[in-house]
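A.B. asks: sequence first, then the predicted structure, then my questions.
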Amino acid sequence: MAQYVEAEARGETIDANMRAYMAQWQSHIDSVEAVRWNGDQSKVIWFVPSAGELSNPDDMPPSTKRQHAEGLVYMPANDWPKVVVPYISTLQDKWREVTHQDWNSDAAVREHAIESYNSLNEAIEAFFGCSLGRDSNSAATLFGRPIATAKLSSGQKVALQLIVALHAQGSVMGPSILLMDEPENHLHPAALVYLLRRIEKMAPESQMWIATHSIPLLAYINSTQPTAIWAVSEGKAEYAGKRPAEVIRGLLGDDESISHLVSFMSLPYHLASNNYAYQCLLPPTTLMTSANDPQLSQIRTALDSLSCSGALSVLDYGAGKGRLVEALGAEEPSGGRVVDYIAYDPYEADMDSCRAVIASHFGSADDRYFNDVERLIATKGEGWADCVVMTNVLHEIPVAEWIALFSAGGLLARALKPTGFLLIVEDQQIPVGEMAHQHGFLLMNTNELAKLFVVSQQDRDDGNFIPYAERDGRLTAHLVGRTLFQRVSRDTRVEAITAIRDLAMTKVSGLRAAEKTYDNGMLHGLWTQQLANATLALQQV
């Protein structure tokens, strides 16, 4: 307020409203009982703005606008609507002035003006997701409109006042006690928590005393300062940090009401888990993805690592709608390697779609698409493929067929060259459940595949078993040399399925103790299905 006393001494005009503000604030200061905190006298600030209309600085004389802007440093919260926008406008005017190419005055003034406006703009952008602007009439704007006429909601008005007042008063606030009475009446819980964090940062010497009935706000306070919660009962305030259940009961009522809240908070978890279980009663669907799909990138990387002379011969096992050929056609493996692509799918549901994609890249799908093993072998012969690719296919093949699949008489062994590879690509967290067969689906990662093919360290060193992983191990690809097929037996099949079951049991136990989020609910659905499917498969084999 000293600046107004000095201004009056210089003969400058102070309007009647400003004089009233000065008198009111001085009276407020004089009437507040001194509060001792850390040995210093602290001031008490009612940090509770109203959602009233914001004054438009465009309707004010320049001197009034400046006085209102400077008055925000000391004005009580109920007067903030009159001065907040003038404060923003004044800071923006000063910023425009000092950043003009013709500015040649004090560098310190320039630096302070830029820092002050930028810090305010940063806070507003962090909260509203929109920076301050300026229209052709030099009015400060938010969401592309002059702030005073931007039709902000009551909560947005309150938030703007808090942010701007904190910006204006933060540097001079000193040891203070900020009183807030049920701020949740105007602010979304997430917005309120953001503003509290902002106050803690901008006014570190201040205490906040908040009267609230907000469960989200209490949860935030309990997570940061669990000793700071007090409850009022029968007119008496008592420390409640050791009995949060009583606080919750006082706000919500009886235990049944609390259980409803707990159920609601865990609803996303249960919804995701139940939805996944429901999906696991339905047959799988065939998807098409873009060429930049990370699984397709894994496939291209693996194919690039294979050495061969001439074109790389690839058999797409379970081709579906032609996802792989579409990707390989959109971007050839590095080095300009030509891919000789052949598709095989035991089912005809997606035949027309796949043939159309093949024809778009090779001119014709004749002798490139097959649904019958013997016709494929009759056309291509045996031992011609450098690589057989299974993209999200192996988990859909019934365990009863695994032995035949990898036998010397199976399609994989007959199609591959003696030095060829099987590329197994899987999403270890398939986002949609499915019942691919009677026992659902079984996902195998490195450990489970190593048990199925009896992989040794020498096999890894020789390059006969090469794992790839992306996204924290969720997306996996494994190159398995044809020479390992002969090791698959009934015993190794049991070992692989047992490993799946044991891993699923560990995952389910961990998820039931973890946070009840939607993502964890979906994982719970996946791993309970893996546990059930592996148990059923073990009974079968």
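C.D. replies: Sure, I can see it.

A.B. asks: from here on, just use CA atoms for contacts and neighbour counts.
C.D. replies: OK.

A.B. asks: mind checking which helix or strand the spatially closest residue to Pro57 that is not a sequence neighbour is in?
C.D. replies: Nearest in space to Pro57, with sequence neighbours left out and distances taken as Cα to Cα, 6 or more residues apart in numbering, is Pro86 at 5.1 Å. Using DSSP states H and E, Pro86 sits in helix 80-98.

A.B. asks: same thing with His213?
C.D. replies: Using DSSP H and E, no helix or strand contains His213.

A.B. asks: distance of the closest residue in space to Thr419 that isn't next to it in sequence relative to Ala413?
C.D. replies: Using Cα to Cα, 6+ apart and skipping the chain neighbours, the partner closest in space to Thr419 is Arg482 (6.6 Å). Distance of Arg482 to Ala413, computed by Cα to Cα, to the nearest Å: 7 Å.

A.B. asks: circling back to that earlier point, could you report the neighbour count for the residue nearest to Thr419?
C.D. replies: 22 (other Cα atoms under 10 Å).

A.B. asks: any idea where the helices of the stretch 51-200 of the chain begin and end?
C.D. replies: Per DSSP state H, counting those that start in this stretch, the stretch 51-200 of the chain carries helices over the ranges 62-71, 80-98, 107-128, 154-173, 189-202.

A.B. asks: what's the third one packed up against?
C.D. replies: In this structure, helix 107-128 makes packing contacts with helix 80-98, helix 154-173, judged by 3 or more Cα pairs under 8 Å, 6 or more residues apart in numbering; DSSP states H and E.

A.B. asks: pick out the shakiest of those, pLDDT-wise.
C.D. replies: In terms of average pLDDT, helix 154-173 trails the rest of the helices and strands packed on helix 107-128, at a mean of 80.

A.B. asks: hmm, who's touching that one?
C.D. replies: Contact with helix 154-173 is made by 47, 49-52, 54, 72-74, 80-81, 84, 87-88, 120, 123-124, 186-188, 191, 195, 199, 202-203, 206, as judged by Cα atoms under 8 Å, 6 or more residues apart in numbering.

A.B. asks: of those residues, buried ones?
C.D. replies: 47, 49-51, 54, 72-74, 80-81, 84, 87-88, 120, 123-124, 186-187, 191, 195, 199, 202-203, 206 (16 or more other Cα atoms under 10 Å).

A.B. asks: distance of Ala496 from Ala302?
C.D. replies: For Ala496, the distance to Ala302 - Cα to Cα - is 24 Å.

A.B. asks: isn't the residue nearest to Thr419 up against Leu423?
C.D. replies: No: with contacts counted by Cα atoms under 8 Å, Arg482 stays clear of Leu423, the gap being 10.3 Å.

A.B. asks: helix/strand/coil for Ile430?
C.D. replies: Assigned by DSSP: H, G, I helix; E, B strand; the rest coil, the conformation of Ile430 is coil.

A.B. asks: please disregard the earlier target; I meant Asp316.
C.D. replies: Three-state assignment for Asp316 (three-state DSSP): strand.

A.B. asks: run a quick neighbour tally on it.
C.D. replies: Using other Cα under 10 Å, Asp316 is surrounded by 23 other residues.

A.B. asks: check Ser509 too.
C.D. replies: 13.

A.B. asks: mind listing what the helix or strand harbouring Val388 pairs with, with the direction of each?
C.D. replies: Val388 belongs to strand 385-391 when assigned by DSSP H and E. Strand 385-391 sits in its sheet next to strand 312-317 (parallel), strand 416-427 (parallel), going by DSSP bridges.

A.B. asks: and of those, who's closest to Gln101?
C.D. replies: strand 416-427 (57.1 Å; Cα to Cα).

A.B. asks: restricting to C-alpha, output that closest one in CSV.
C.D. replies: Taking Å, rounded to 0.1, in the frame of the first residue of the first chain, the C-alpha atoms of strand 416-427 are listed here in CSV:
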residue,chain,number,x,y,z
LEU,A,416,11.6,-74.7,-44.2
LYS,A,417,15.1,-75.1,-45.4
PRO,A,418,17.4,-77.1,-43.1
THR,A,419,19.0,-73.8,-42.1
GLY,A,420,15.6,-72.0,-41.9
PHE,A,421,13.9,-70.4,-39.0
LEU,A,422,10.5,-70.1,-37.5
LEU,A,423,9.7,-66.5,-36.3
ILE,A,424,7.2,-66.5,-33.5
VAL,A,425,5.7,-63.1,-32.8
GLU,A,426,3.3,-62.5,-29.9
ASP,A,427,1.7,-59.7,-27.9
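
A.B. asks: got the buried residues for it?
C.D. replies: Buried residues in strand 416-427 (16+ other Cα under 10 Å): 416-417, 420-427.

A.B. asks: out of those, which is nearest to Gln539?
C.D. replies: Using Cα to Cα, Glu426 is the member of the buried residues of strand 416-427 that lies nearest Gln539, at 24.7 Å.

A.B. asks: picking up where we left off before, between Ala496 and Ala302, which is the more surrounded one?
C.D. replies: More crowded of Ala496 and Ala302, by other Cα under 10 Å: Ala496, with 22 against 19.

A.B. asks: ok, for Trp527, nearest residue in space, not its chain neighbours?
C.D. replies: Nearest residue to Trp527 in three dimensions, chain neighbours excluded: Ala504, at 5.3 Å (Cα to Cα, 6+ apart).

A.B. asks: contact partners for the one you found?
C.D. replies: Ala504 makes contacts with 527-528, 530-531, as judged by Cα under 8 Å, 6+ apart.

A.B. asks: quick check: it vs Asp519, distance?
C.D. replies: Distance of Ala504 to Asp519, computed by Cα to Cα: 16 Å.

A.B. asks: one more: Ser131?
C.D. replies: Applying Cα to Cα to Ser131 and Asp519 gives a distance of 33 Å.

A.B. asks: and Ala378, by the same measure?
C.D. replies: Computed as Cα to Cα, the Ala378 to Asp519 distance reads 48 Å.

A.B. asks: surely Leu511 is in contact with Tyr518?
C.D. replies: No: with contacts counted by Cα under 8 Å, Leu511 stays clear of Tyr518, the gap being 11.5 Å.

A.B. asks: just the helices in the stretch 351-500 of the chain please.
C.D. replies: 351-362, 373-380, 402-405, 411-415, 446-452, 457-461, 490-513.

A.B. asks: of all those helices, which gets the most neighbours per residue?
C.D. replies: Mean neighbour count (mean count of other Cα atoms under 10 Å) peaks for helix 411-415 among the helices of the stretch 351-500 of the chain, with a mean of 22.

A.B. asks: check what pLDDT Ser334 gets.
C.D. replies: Reported pLDDT for Ser334: 43.

A.B. asks: ignore what I typed, I meant Ala23.
C.D. replies: 51.

A.B. asks: ok, back up a step: now neighbour count, pLDDT and secondary structure too, for the contacts of Ala504, in JSON lines please.
C.D. replies: Listed next are the contacts of Ala504 as JSON lines, based on neighbours: other Cα atoms under 10 Å; pLDDT from 0 to 100; DSSP: H, G, I helix; E, B strand; the rest coil:
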{"residue": "Trp527", "neighbour count": "25", "pLDDT": "96", "secondary structure": "helix"}
{"residue": "Thr528", "neighbour count": "20", "pLDDT": "95", "secondary structure": "helix"}
{"residue": "Gln530", "neighbour count": "26", "pLDDT": "95", "secondary structure": "helix"}
{"residue": "Leu531", "neighbour count": "23", "pLDDT": "96", "secondary structure": "helix"}
